[in-house]
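J.: Here's my sequence, what's the structure:
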Amino acid sequence: MLEANKVKFSEQSGRSMVEMLGVLAIIGVLSVGGISGYSKAMAKYKINQCLDQISTLIVNIRSVFVNQTSFADATTANIIALGIPTGDMLNAAGTAMVNPFNGAITITPGTGNASFKVTYAGFDKNTCQSIALADWGAAASSGLISLQINNKTAHTWGGKDNASLPLSIASAASECDQETNANSITWEYR
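T.: You can find the predicted model right below:
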């Protein structure tokens, strides 16, 4: 009778290999879902951070140059020297500007030095589309002159056909055509 109890006890005292594999499979599926959700959340966070950076940079440049007759001195080096970029826009050495996607940020004088251009590079296709389709102002009164993706069509307020602002979804989809992180967007402001 003692041996019968031992056998009965040993059958109940552990997990089978099938049960353990089932638990591991469930953990694996949940982990993949969690990683996917985390990746999407991080991408959305970086896009929002990028949009905030661009808006802040544009406001700060316009504030510094408010009493100037032109934007001829609106260059990346001068903008850094003036301390306009926030700390998250600078590389570790503080010598170049980078966006949340580790792409370059460049500032150049615009057309006839009456404006300035801000270029953000290093976007994948989906990020490029999300940022290009953001609300960049209701009309020309916002100060935005043009938006250009990958040095293609300069979209302007009242532009003809596929060259107008606000940017259409079709234009963003066709112009943000680089699958890798090679897309760039240039905004020209006055």
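J.: in this structure, which spans are strands?
T.: 97-98, 104-109, 116-123, 144-149, 154-157, 164-165, 183-189 (DSSP state E).
J.: what packs against the fifth one?
T.: Right, the one you point to is strand 154-157. strand 144-149, strand 164-165 (3 or more CB pairs under 8 Å, 6 or more residues apart in numbering; DSSP states H and E). Placement of C-beta: from N, CA and C, glycine included.
J.: Relative to I27, which of the strands of the chain is closest?
T.: Of all these, it is strand 116-123 that lies closest to I27, at 34.4 Å by CB to CB.
J.: strands paired with the closest one, and their directions?
T.: The strands beside strand 116-123 in its sheet (DSSP bridges) come out as strand 104-109 (antiparallel), strand 183-189 (antiparallel).
J.: which residues are contacting it?
T.: Strand 116-123 has contacts (CB atoms under 8 Å, 6 or more residues apart in numbering) with 50, 54, 57-58, 61, 65, 71, 74, 99, 101-110, 131, 176, 181-190.
J.: out of these, which are buried?
T.: Listed as buried from the contacts of strand 116-123 are 50, 54, 57-58, 61, 65, 71, 74, 99, 101, 103, 105-107, 109-110, 131, 176, 181, 183-189; burial here means 16 or more other CB atoms under 10 Å.
J.: so what's the residue most central in space within the chain up against?
T.: Residue closest to the mean C-alpha point of the chain, counted by CA atoms, centre = their mean, is I47 at 3.5 Å. For I47, the contacting residues are 127, 130-131, by CB under 8 Å, 6+ apart.
J.: Sitting in helices, which of the residues you listed do you find?
T.: Of the contacts of I47, the ones assigned to helices by DSSP state H are 127, 130-131.
J.: Relative to S16, which of those residues is nearest.
T.: T127 (47.0 Å).
J.: Quick one: residues contacting the closest one.
T.: Counting by CB under 8 Å, 6+ apart, T127 has contacts 43, 46-47, 50, 101, 183.
J.: go on, Q68?
T.: With CB under 8 Å, 6+ apart, Q68 has no contacts at all.
J.: Many thanks, I have nothing further to ask.
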